[in-house]
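Undergrad: Sequence and predicted model, in that order:
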Amino acid sequence: MEYFSKFPYLVTTNNDRPIFIQDFLRRVALGVDFTQNVVGLDEYLVLDGETPEMVSQKFYGRPSYHWVLLLVNNITDPREEWPIRDGKVTDLVYQKYDFTLTVPSGAAYNIDDVITSDTDGKFLVTSKSGNTVYLRSQVGKTIITTSSILTNTTTEVENLTVTAVTDPEEAVHHYYDPEIGYIVSESFSGTTVPVPNYEHEINVNDAKRNIKILNPKFLSSFVSEFTTKINS
């Protein structure tokens, strides 16, 4: 890859023989001319499904300058910091948040138990409090209703009854006051609007779409500065 080709080599040994390897762990800080110069940086809204390589192709004529986009936007882990497809947000919600179940007293649930459902769902018990049990889906989006048949495979207790259920998409992530523009507590005396987990994750993902694009006319200077610094 063009990005890694710019890294310097280190000398180490293997079976008492010297070998040369690239110093992939080396990092450099960008100069203020590039990180704070609004003349050289343009605003861009990443389209649904666009990857750094696709945006690089669009602005720089080749996908291999994707690393420039990541550096300019201080992105170290594109899997977490680059926007995902809107269609993947639902899966993310089910991987990240729990179902909240109300079950009869005495139901046999323990933290880390594996629960299966008659709809091919698979869940992990993450927490419990009284008659409330929290289940994290292990297979992405799935459905639990009060008529679902749940089986605790750890203790072999079958046909567990659910008397109430809130799925991860509908559960409230936080409350918001649109008049003052702040997150507030549920008991806040002013206006409180519940923001479900799904809406919250959509907002977080959309915020990642706003990135900076280094103006193409500064690209060669940027690459030159990076190459100099990474080898210094």
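TA: Done, it's in.
Undergrad: tell me the pLDDT at Asn15?
TA: Note for Asn15: predicted pLDDT of 57.
Undergrad: Report the central residue of this structure.
TA: In the chain, the residue lying closest to the centroid (Cα atoms, centre = their mean) is Glu80, at 4.0 Å.
Undergrad: before we move on, which element is that one in?
TA: Using DSSP states H and E, Glu80 sits in helix 78-81.
Undergrad: Please, where are all the helices along this protein?
TA: For the chain, the helices defined by DSSP state H occupy 32-35, 52-60, 66-72, 78-81, 89-96, 197-207, 219-230.
Undergrad: would JSON lines of these with mean pLDDT be doable?
TA: Output for the helices of the chain, formatted as JSON lines (pLDDT from 0 to 100):
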{"stretch": "helix 32-35", "mean pLDDT": "50"}
{"stretch": "helix 52-60", "mean pLDDT": "96"}
{"stretch": "helix 66-72", "mean pLDDT": "89"}
{"stretch": "helix 78-81", "mean pLDDT": "92"}
{"stretch": "helix 89-96", "mean pLDDT": "94"}
{"stretch": "helix 197-207", "mean pLDDT": "96"}
{"stretch": "helix 219-230", "mean pLDDT": "80"}
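Undergrad: and among those, the most buried is which?
TA: When the helices of the chain are scored by mean count of other Cβ atoms under 10 Å, the highest mean neighbour count falls to helix 66-72 (a mean of 21). C-betas here are computed from N, CA, C, even on glycine.
Undergrad: name the helices or strands packed onto it?
TA: Helices and strands touching helix 66-72, by 3 or more Cβ pairs under 8 Å, 6 or more residues apart in numbering; DSSP states H and E, are helix 52-60, strand 210-214, helix 219-230.
Undergrad: Give me the distance between the shortest one and the centre of its chain.
TA: Strand 210-214 has its average C-alpha position 19 Å from the chain's average C-alpha position, going by Cα atoms, centre = their mean, to the nearest Å.
Undergrad: Give the other helices and strands that that strand contacts.
TA: strand 41-45, helix 52-60, helix 66-72.
Undergrad: what's the angle from the longest one to strand 41-45?
TA: The one in question is helix 52-60. Interaxial angle, helix 52-60 versus strand 41-45 (axes from the mean of the first three to the mean of the last three Cα atoms, to 10 degrees): 130 degrees.
Undergrad: what sits up against helix 52-60?
TA: Outside of helix 52-60, the residues within contact range by Cβ atoms under 8 Å, 6 or more residues apart in numbering are 44, 46, 62-70, 78, 82, 211, 213, 216, 219.
Undergrad: Could you list the alpha-carbon positions for that helix in CSV?
TA: Output of helix 52-60 as CSV, limited to C-alpha atoms (Å, rounded to 0.1, in the frame of the first residue of the first chain):
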residue,chain,number,x,y,z
PRO,A,52,-12.6,6.3,2.4
GLU,A,53,-11.3,4.7,-0.8
MET,A,54,-14.3,5.9,-2.8
VAL,A,55,-14.0,9.5,-1.5
SER,A,56,-10.3,9.5,-2.3
GLN,A,57,-11.1,8.4,-5.8
LYS,A,58,-13.7,11.1,-6.1
PHE,A,59,-11.4,14.0,-5.1
TYR,A,60,-7.9,12.7,-5.8
